[in-house]
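Student: Predicted structure and sequence below. I'll ask about it afterward.
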There are 2 protein chains.
Amino acid sequence: MFSDDQVENIHATALRVLSELGIRVLDPDARAMLVADGATLHGDDLLRFDADRIEALVALAPRHFELYGADDRRSVSIGGKHLAFLPVGGPPNVSDRIRGRRPGTLADLSELVRLAQSFDVIHALGPSVEPQDVDLAIRHLRTTEVLLTQSDKAPFVFARGDDQVRDCLEMVRLARGLDARTMSERPVCYTVINTNSPRQLDVAMCRGIIQFARAGQVVIVTPFTLSGAMAPVTIAGALALQHAEALAGIALAQLARPGAPVVYGAFTPNVDMKSGSPAFGTPEFVKGALGAGQLARRLGLPWRGSSPTAANAPDAQASSETLMSAWGSLLGGVNVMLHSAGWLEGGLTASLEKFILDIEALQIFAELCHPLPASDDDIGFGAIRDVAPGGHFFSVQHTLERYATAFHVPLVADWRNHGQWTEAGARRADERATDIWQATLERFEAPGLSSDRAAALTCFVERRVIEGGARPI
Amino acid sequence: MFSDDQVENIHATALRVLSELGIRVLDPDARAMLVADGATLHGDDLLRFDADRIEALVALAPRHFELYGADDRRSVSIGGKHLAFLPVGGPPNVSDRIRGRRPGTLADLSELVRLAQSFDVIHALGPSVEPQDVDLAIRHLRTTEVLLTQSDKAPFVFARGDDQVRDCLEMVRLARGLDARTMSERPVCYTVINTNSPRQLDVAMCRGIIQFARAGQVVIVTPFTLSGAMAPVTIAGALALQHAEALAGIALAQLARPGAPVVYGAFTPNVDMKSGSPAFGTPEFVKGALGAGQLARRLGLPWRGSSPTAANAPDAQASSETLMSAWGSLLGGVNVMLHSAGWLEGGLTASLEKFILDIEALQIFAELCHPLPASDDDIGFGAIRDVAPGGHFFSVQHTLERYATAFHVPLVADWRNHGQWTEAGARRADERATDIWQATLERFEAPGLSSDRAAALTCFVERRVIEGGARPI
């Protein structure tokens, strides 16, 4: 998207933002750490940074690392040429065609985690819906319990204050059967830090960066730089602000612990000037994703993108916007694609039908990562010779040897002709998706958690519940 | 998709198919021309070719040419770095949410041509639905009349025999006000030649190639090499067969007239082993499109791809498959994307809603062809400076100067929040698309055709109708 000069210019502008304008850092400890490191304080909480020092800190971050699940099969490589798909995170609501749209509950979260567990193309978990039926002080406990018992993939943990994070990290440690020292060298969970754009890091986000970095766990620093609203109306400008804020967050992580695993996050949609809503899958979103990839590569860091949509239903708009967003991220060389299954309504709803429709696309993307066989035998002069002009290839040896596995098998797509499709009820893709999530949940079996680890986890959770849990910041 | 060696190997295999196996050529004149040029006849109609001669003929084709509409604004560059979107062609049926699915009529064709005329992102016309209410002998006259009177974009002409083609070319000549000699040097219409895979060219296709080439009009040679059915079950093999057949067709065009404008056509979906239907938007389709682009560039010729779907309704499957197909073609460097608006049911239906939904995607693709502004002023350090941490960019000068044109405006997407969307009727994208095609048709005004040209066209058509028209081959 950008020339090398333009990338350098955006990078330099971001450094100017950090050194000449500064970032408000609301957490006193983070401020103290940064001032001790050479940042200058202006007023109560505005910090300006030395550009060279920022670059030196960011250079400490690893270019590539593993995010470990319960066993080796669930380990995910983050960075380089690797690509990981993560499901929707954060919506307050959930929806499906059977039960409608409603505030999320713990049972809904459990269903979404089970779906994420059921498809190998999802590489780690997300906080797929906010369980609003659980009290805020114990929600982190119940959420993490679901993630650790219904799946063996690496979980997400919200950065909502020291006490909650400490609880969650302890739960992950117990579920994985690790001692504290081993876990501090082994990334087994991740959080997402959204800066409060423009140019602000609140207490919870600062605490999360520091705490995750010190624990050796993964921090995805993602400014939410909505172009035209919380960021410049130009995509290049919004990316410059994104870059500045990401640099500040990553530098803080490296200051907390040199070499801590971090991901450069990009989430730069443009505002819809009519409604004030974020727009996704737009040309600007695609271009922004391509540009974000260049900026991440400029730093040599793994980067996180996403495949969102603003659509309110799992319809043609939803699929079209999601695929535009996804292709933009993929062509930008994304390493971690968040929100890649189940996202609807600009992130306000997790849709079970959309989850399934997205899995279809992700499975195709995964298949596209495989090369196309093109040996002499694949090119198949002999097969062409064996079929007379006007004939067919159904019964030649070349076909018989391969047909069972030659082609990708779809999950949702119905390829029957119109007559057969009509006889079968003329059901749209989102209606067929309902069948699929229902059947998937019906046959779901939770992965085994050994009885001692399960007991330790339960024991910890129930004790912390009795103690009253921990309020979020 | 392929290494250079693999491309060479596929190209060499295609030449071996032509020289060692041969192609059935069912038209006696075409056979005679090819035999006179050195091809050898085996049995009644199987021709084997000299590989070097095929390459020499294909090398005569232009790498780039203009396809002219009624005026300069409607001229389309074909080849090189240029990209043209053409609407759906060929379905027997038409469908929309108001009138349902039905056999196409001349009135339906007229509506689809008017839609194609109404959106600048469509660069030339297609035979968007077969008008089955018109007798076969005069259908070509009525079809071409609609294309020439309802649009000023370059029309498509079916190759259904010498007499029909002669009629249609004369109609285009009259509508464009050209003398015969000028028209023979000026591509103003195009046809698509589908070989009868495997390894067969029927009479109508041969006649079409020869007649269009001699008239200096555009021939898109597109083998329909359905992998696993009429072509090898491997994509590499299906492409080798596609390549052989395309080379034969293009060579025949160049023999008919050296330098005739041709396009290398690729249409290589894979068969669904369950239903026997072609599948689109699959990983195999995307990979095939990437490979086809490499083969076209090996020849230095413009290439034609497409963005089809097998979905039976304009739903999430339709958009998902169409976008996968489209991105595959675009990433393959496609020059002419056929069937890019309105295609449904594997090409058996032209859908008015799908037409509008596809236009939305094409407009985004067109916008993606523009670079992203990234001057110092676009990067906007000043704008970032002017907004305090935690503030917003809505009212800064940088935004006010740009907001009106900063972001792409969608056609169908509804970005309102769920509450507003629900209050407005909770309408899916395909329902909103109905409004748009209706409004577009309502405000349609046909482009002016000067009264003398219109009179000449009408006079010719009515005379030919009285004469009984011409039967198709």
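Tutor: Cool, the structure landed.

Student: Now do the worst-scoring helix or strand of chain A on mean pLDDT: everything it contacts.
Tutor: Lowest by mean pLDDT, DSSP states H and E among the helices and strands of chain A is helix A:403-406, with a mean of 92. Helix A:403-406 has contacts (CB atoms under 8 Å, 6 or more residues apart in numbering or on different chains) with A:T399, B:S227, B:G228, B:V233, B:T234, B:N270, B:M273, B:E284. (C-beta placed from N, C-alpha, C; glycine too.)

Student: Any idea which residue is closest to the centre of chain A?
Tutor: Central residue of chain A (CA atoms, centre = their mean): A:L338, 2.1 Å from the mean position.

Student: who's in contact with it?
Tutor: Each residue near A:L338 by CB under 8 Å, 6+ apart is listed here: A:L86, A:G89, A:G126, A:V192, A:I220, A:R304, A:G305, A:S306.

Student: again, but for A:A311
Tutor: Applying CB under 8 Å, 6+ apart, the residues contacting A:A311 are A:Q317, A:A318, A:E321, A:L344, A:E345, B:A413, B:D414, B:A429.

Student: which one of the contacts of A:L338 has the most neighbours?
Tutor: Most neighbours among the contacts of A:L338, by other CB atoms under 10 Å in any protein chain shown: A:G305, with 32 neighbours.

Student: Can you check the pLDDT for it?
Tutor: With respect to pLDDT, A:G305 has a value of 98.

Student: Quick check: closest non-adjacent residue to it.
Tutor: For A:G305, ignoring the flanking residues on the chain, the nearest one in space by CB to CB, 6 or more residues apart in numbering or on different chains is A:S329 at 3.4 Å.

Student: send the alpha carbons of the helix ranked longest in chain A over as CSV?
Tutor: For chain A, the longest helix by residue count, based on DSSP state H, is helix A:235-256. Provided in CSV are the C-alpha atoms of helix A:235-256 (Å, rounded to 0.1, in the frame of the first residue of the first chain):
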residue,chain,number,x,y,z
ILE,A,235,-6.0,6.3,6.8
ALA,A,236,-2.4,7.2,6.7
GLY,A,237,-3.0,9.5,9.7
ALA,A,238,-5.0,7.0,11.6
LEU,A,239,-2.2,4.5,11.1
ALA,A,240,0.4,7.0,12.3
LEU,A,241,-1.6,7.4,15.5
GLN,A,242,-2.1,3.6,15.8
HIS,A,243,1.6,3.2,15.3
ALA,A,244,2.5,5.7,18.0
GLU,A,245,0.1,4.2,20.6
ALA,A,246,1.2,0.6,19.7
LEU,A,247,4.9,1.6,20.1
ALA,A,248,4.1,3.1,23.5
GLY,A,249,2.3,0.0,24.7
ILE,A,250,4.9,-2.4,23.4
ALA,A,251,7.7,-0.3,24.9
LEU,A,252,6.0,-0.4,28.3
ALA,A,253,5.8,-4.2,28.0
GLN,A,254,9.5,-4.5,27.2
LEU,A,255,10.3,-2.2,30.0
ALA,A,256,8.3,-4.4,32.4
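
Student: related to what we said a few turns ago, which one of the contacts of A:L338 is nearest chain B?
Tutor: A:G305 (15.8 Å; CB to the nearest CB).

Student: does the closest one really touch A:A292, like I thought?
Tutor: Yes. If you go by CB atoms under 8 Å, A:G305 and A:A292 touch, sitting 6.6 Å apart.

Student: buried residues in the helix or strand A:T144 falls within?
Tutor: Per DSSP states H and E, A:T144 falls inside helix A:136-150. Within helix A:136-150, the residues that qualify as buried are A:137-150, counting by 16 or more other CB atoms under 10 Å in any protein chain shown.

Student: for stretch A:437-446, same thing?
Tutor: A:W437, A:T440.

Student: Likewise for stretch A:105-118?
Tutor: A:105-106, A:108-118.

Student: Likewise for stretch A:452-469?
Tutor: By neighbour count on 16+ other CB under 10 Å, the buried set for stretch A:452-469 is A:R453, A:A456, A:L457, A:F460, A:V461, A:R464, A:G469.

Student: can you map out the helices along the stretch 51-200 of chain A?
Tutor: Along the stretch 51-200 of chain A, counting by DSSP state H, counting those that start in this stretch, helices occupy A:51-58, A:106-118, A:136-150, A:162-176, A:180-184.

Student: Now do the contacts for A:E185.
Tutor: A:E185 makes contact with A:G216, according to CB under 8 Å, 6+ apart.

Student: brain fart, A:F355
Tutor: When contacts are taken as CB under 8 Å, 6+ apart, A:F355 is in contact with A:P87, A:V88, A:L112, A:L115, A:A341, A:G342, A:A433, A:W437.

Student: same check, this time on A:Q200
Tutor: Shown in contact with A:Q200 (CB under 8 Å, 6+ apart): A:I23, A:R24, A:L26, B:P389, B:G390.

Student: As CSV, these with distance to B:A279 would be great.
Tutor: CSV is the format used below for these (distance: CB to CB, whole Å):
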residue, distance to B:A279
A:I23, 51
A:R24, 54
A:L26, 54
B:P389, 52
B:G390, 51
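
Student: where do the helices sit along the stretch 351-473 of chain A?
Tutor: Under DSSP H, counting those that start in this stretch, the stretch 351-473 of chain A gives helices at A:352-368, A:376-379, A:381-386, A:397-400, A:403-406, A:418-423, A:429-442, A:451-466.

Student: ok, and what's touching whichever strand or helix holds A:Y264?
Tutor: Using DSSP H and E, A:Y264 maps to strand A:262-265. When contacts are defined by CB under 8 Å, 6+ apart, strand A:262-265 is touched by residues A:61, A:78, A:190, A:192-193, A:213, A:218-223, A:246, A:249-250, A:253-254, A:292, A:295-296, A:299, A:301-304, A:335-336.

Student: 7 Å instead, please
Tutor: Defining contact as CB atoms under 7 Å, 6 or more residues apart in numbering or on different chains, one finds that strand A:262-265 is touched by A:61, A:78, A:192, A:218-223, A:246, A:250, A:253, A:296, A:299, A:301-304, A:336.

Student: cool, stretch A:409-421 as well?
Tutor: Against stretch A:409-421 from outside (CB under 7 Å, 6+ apart): A:356-357, A:359-360, A:363, A:429, A:432-433, A:436, B:272, B:275, B:277, B:279, B:310, B:312, B:317, B:321, B:345, B:348.

Student: of all the contacts of A:A311, which comes closest to A:R99?
Tutor: A:L344 (14.7 Å; CB to CB).

Student: Tell me who's in contact with that closest one.
Tutor: Residues in contact with A:L344 (CB under 7 Å, 6+ apart) are A:S95, A:T309, A:A311, A:P314, A:A318, A:S351, A:K354.

Student: What of A:R173?
Tutor: With CB under 7 Å, 6+ apart, A:R173 has these contacts: A:A180, A:M183.

Student: returning to what we had before: any idea how far the least confident helix or strand of chain A is from the chain center?
Tutor: Helix A:403-406 has its C-alpha centroid displaced from the chain centroid by 33 Å (CA atoms, centre = their mean, to the nearest Å).

Student: Return the set of buried residues in it.
Tutor: For helix A:403-406, burial by neighbour count (16+ other CB under 10 Å) applies to A:A406.

Student: mind saving the C-alpha coords of that helix as PDB?
Tutor: Provided in PDB are the C-alpha atoms of helix A:403-406 (Å, rounded to 0.1, in the frame of the first residue of the first chain):
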ATOM      1  CA  TYR A 403     -11.300 -38.200  -6.400                       C
ATOM      2  CA  ALA A 404     -12.000 -39.000  -2.800                       C
ATOM      3  CA  THR A 405      -9.600 -36.300  -1.500                       C
ATOM      4  CA  ALA A 406      -9.100 -34.100  -4.600                       C
END
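
Student: looking at the helices of the stretch 351-473 of chain A, which has the lowest confidence?
Tutor: Averaging pLDDT over each of those puts helix A:403-406 lowest, since it has a mean of 92.
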